[in-house]
Each structure stands twice: as C-alpha cells, then as structure tokens.
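Q: need coordinates for the below:
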Amino acid sequence: MRRGMKKEAVQSERDRIRPNGSSSIPDDPLLDALLSAEAIVRQLRSSVITRTVDARRQATTGDVTDR
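A: This next block holds a predicted model:
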C-alpha cells in the first residue's frame, strides 16, 4: 500500500495554496497614498544636504535649518 496523501487531497491543497489568477489586487486609496509618499521621500533623500559647504565636516541640523 502506498503512503501519503490521496490525489484529490493533493489537488485540493494545491488549489488552496495557488493564487487565483482571476483575482487582482483591489484599488486601495490608502495603499496608493503610501506608495506615492514613499516615492516622494526617496526623491527628497537624494537631495538632502549631508555635508557643509567646505565639505570637511558632517553637516548638522543647525547647518540646514533656520535655527
């Protein structure tokens, strides 16, 4: 006698695990807003001042704010 799951049980398990091709990710305004905000933050990070004008020392918050 063979051990293991029956063929029907295996197929049922595969169907349960496999993502349904007909279902798509629903539109979610909150998720869209978060993804948009993350894209904006990535752009801002590349433009942040990290060094002082003379480039010899690390910039502080005092160097980049109005104090």
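
Q: got any ranges where the chain has weak pLDDT?
A: In the predicted model of the chain, residues 1-5, 18-26, 49-57, 59, 66-67 satisfy pLDDT under 70.

Q: next SSE after the helix ranked longest in it?
A: Ranked by residue count, the top helix of the chain under DSSP state H comes out as helix 29-47. Per DSSP states H and E, the first helix or strand lying C-terminal to helix 29-47 is helix 61-64.

Q: number of residues surrounding Asp63?
A: 14 (other C-beta atoms under 10 Å). C-beta coordinates here come from the backbone N, C-alpha and C atoms, glycine included.

Q: now it: how far from Ala9?
A: Remark: distance between Asp63 and Ala9 (C-beta to C-beta, to the nearest Å) = 66 Å.

Q: output the longest helix of the chain as PDB - backbone C-alpha positions only.
A: Presented in PDB, the C-alpha positions along helix 29-47 are these (Å, rounded to 0.1, in the frame of the first residue of the first chain):
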ATOM      1  CA  PRO A  29      -6.600  54.600  -1.800                       C
ATOM      2  CA  LEU A  30      -4.600  54.300   1.400                       C
ATOM      3  CA  LEU A  31      -2.100  52.000  -0.200                       C
ATOM      4  CA  ASP A  32      -1.800  54.300  -3.200                       C
ATOM      5  CA  ALA A  33      -1.200  57.300  -0.900                       C
ATOM      6  CA  LEU A  34       1.500  55.400   1.000                       C
ATOM      7  CA  LEU A  35       3.300  54.300  -2.200                       C
ATOM      8  CA  SER A  36       3.200  57.800  -3.600                       C
ATOM      9  CA  ALA A  37       4.600  59.300  -0.300                       C
ATOM     10  CA  GLU A  38       7.400  56.700  -0.400                       C
ATOM     11  CA  ALA A  39       8.300  57.700  -3.900                       C
ATOM     12  CA  ILE A  40       8.400  61.400  -2.900                       C
ATOM     13  CA  VAL A  41      10.600  60.600   0.200                       C
ATOM     14  CA  ARG A  42      13.000  58.700  -2.000                       C
ATOM     15  CA  GLN A  43      13.400  61.700  -4.200                       C
ATOM     16  CA  LEU A  44      13.900  64.000  -1.200                       C
ATOM     17  CA  ARG A  45      16.500  61.800   0.300                       C
ATOM     18  CA  SER A  46      18.800  62.200  -2.700                       C
ATOM     19  CA  SER A  47      18.600  66.000  -2.400                       C
END
